[in-house]
Structures are given as structure tokens and as C-alpha cells.
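>>> Structure of the sequence below:
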Amino acid sequence: MSNPYCCIALINPKSPSNVGSIIRAAGCFGADSVTYTGERYQRAARYQTDTHQHSQHIELSHVDNVTDGLEAGEKLICVDLVEGATALSDYCHPAHARYVFGPEDGSISQEVIDRADAVVYIPTNACLNLAASVNVLLYDRMVKLGSIHASDELIIKSRDINNRTKVR
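Numbers count the residues shown, from 1 in each chain. Modelled structure (predicted):
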């Protein structure tokens with residue numbers, strides 16, 4: 001792996017709106033793929049909310065285990081409210097990472113936590129929605145790795161077609 005690589009791995013997600021929002025976040029922030037375990041998402045997938053069609057460019061695949069296919073050099077990073085975890089604000093992202101998120105109604109198993117190269121949490125006053133957590137993590141990764149450069153050209157490229165507003 002020479003170019004930076006980022007995979008979002010979801011453990012048994014239940015909400016198609018969350019998975020759709022995660023696919024959109026992956027497209028916006030440069031993640032390469034999204035994997036998921038379990039059957040709940042597949043039953044509800046037709047209701048997903050990927051309104052920008054990022055699913056056409058982001059690989060979405062079902063796996064039996066979030067650690068399946070972990071490549072040499074790819075770091076396994078769990079993101080959860082786990083005692084002893086590192087605050088995201090203090091975390092340095094590896095170039096090649098698989099970020100594991102637990103289900104909306106549960107946590108990452110101790111077995112996966114024990115196998116992880118790092119465990120991080122997002123400091124908040126309460127737990128975030130799954131899709132919101134992925135958005136925050138991917139934004140933090142993008143900023144810290146310097147993988148995007150802010151400019152008016154980026155704004156023009158990224159904004160909705162109905163937005164032509166300017167600061168005067």
C-alpha cells in the first residue's frame with residue numbers, strides 16, 4: 001500500500017439512513033470503502049439516503065468479520081466510547097487504516113478491541129449518532145493528514161448546484 005487508504009467497517013448497522021450518510025461521508029472525505037457485518041442493513045438497504053450517489057464510487061461490501069481481508073500495513077482502529085481510549089483530538093491517524101464502528105444499539109466486542117492497533121473516542125457530552133461519528137472521524141483524518149486544501153475552487157466544486165452565494 002503506497003497511497004493512503006481508508007476503510008470504514010461497520011458492525012451490524014441497523015439504519016439504512018446511517019449507512020447512506022456514511023457512504024456520503026466516505027465520498028466527501030476520501031474514504032476508499034465501507035464494509036459491514038450482519039444482516040440488518042441488507043434488509044433495509046432500499047431505504048438508504050445516499051442522495052449524492054457516492055455509492056457509485058465507494059465500494060460497499062458485506063463481510064463476515066470486520067477484520068476480514070486486513071492487509072499488511074493496514075492498522076485496525078476502533079472508534080467507540082471505551083474506557084482507556086485515546087481522545088480523537090490527540091490521535092495521529094496512520095496512512096492506511098480500517099476504522100471500526102459498533103452498532104447503533106451496542107458496542108464493539110472486547111475481542112475486536114483487544115485486536116486493535118488503537119482505540120479512539122470522540123469527546124462529547126453524550127454519544128453521537130453512528131453517521132455523525134463517522135463524519136467527525138473522517139474530517140479529523142482529512143485535516144490531520146493534509147489530504148485536502150481549502151480554496152474557493154474547492155467550495156465551487158463541492159457545493160450544491162443551487163448555491164451561488166459569495167462573501168462580499
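>>> Can you find the helix or strand in this structure with the smallest mean pLDDT?
Lowest on mean pLDDT, DSSP states H and E among the helices and strands of the chain sits helix 40-44, with a mean of 57.
>>> next helix or strand past it?
Remark: after helix 40-44, the chain's next helix or strand is strand 59-62, criterion DSSP states H and E.
>>> Now do that following strand: distance to the chain's middle.
Its chain's C-alpha centre and that of strand 59-62 lie 13 Å apart, by CA atoms, centre = their mean, to the nearest Å.
>>> Residue 116 - how many residues pack around it?
By other CB atoms under 10 Å, 20 other residues sit near residue 116. Yep, even glycine has a C-beta here, placed from its N, CA and C like the rest.
>>> what's near enough to touch it?
Neighbour list for residue 116: 76-78, 100 [criterion: CB atoms under 8 Å, 6 or more residues apart in numbering].
>>> Which ones among these lie within helices?
Using DSSP state H to define helices, no part of the contacts of residue 116 is located there.
>>> out of the residues you listed, who's nearest residue 152?
Ranked by distance to residue 152 (CB to CB), the contacts of residue 116 are led by residue 77 at 33.2 Å.
>>> Just confirm that closest one contacts residue 113, I think it does.
No - contact criterion CB atoms under 8 Å: residue 77 and residue 113 do not qualify, at 10.9 Å.
>>> tell me, what's touching these two both at once?
With CB under 8 Å, 6+ apart, residue 77 and residue 113 have common neighbours residue 119.
>>> Compare those two (neighbour count), which wins?
Using other CB under 10 Å as the criterion, residue 77 and residue 113 rank with residue 77 on top: 22 against 18.
>>> what about the more buried one, distance to residue 128?
Between residue 77 and residue 128 the computed distance is 16 Å (CB to CB, to the nearest Å).
>>> Residue nearest the middle of this structure, spatially speaking?
Central residue of the chain (CA atoms, centre = their mean): residue 134, 3.9 Å from the mean position.
>>> pull the longest helix from this structure.
Max-length helix for the chain by DSSP H is helix 130-145.
>>> Need the residues that contact it.
With CB under 8 Å, 6+ apart as the test, helix 130-145 has contacts from 4, 6, 8, 10, 13, 15, 17-19, 21-22, 25-26, 28-31, 79, 88-89, 91-93, 95, 97, 99, 101, 103-104, 120, 122, 128, 147-148.
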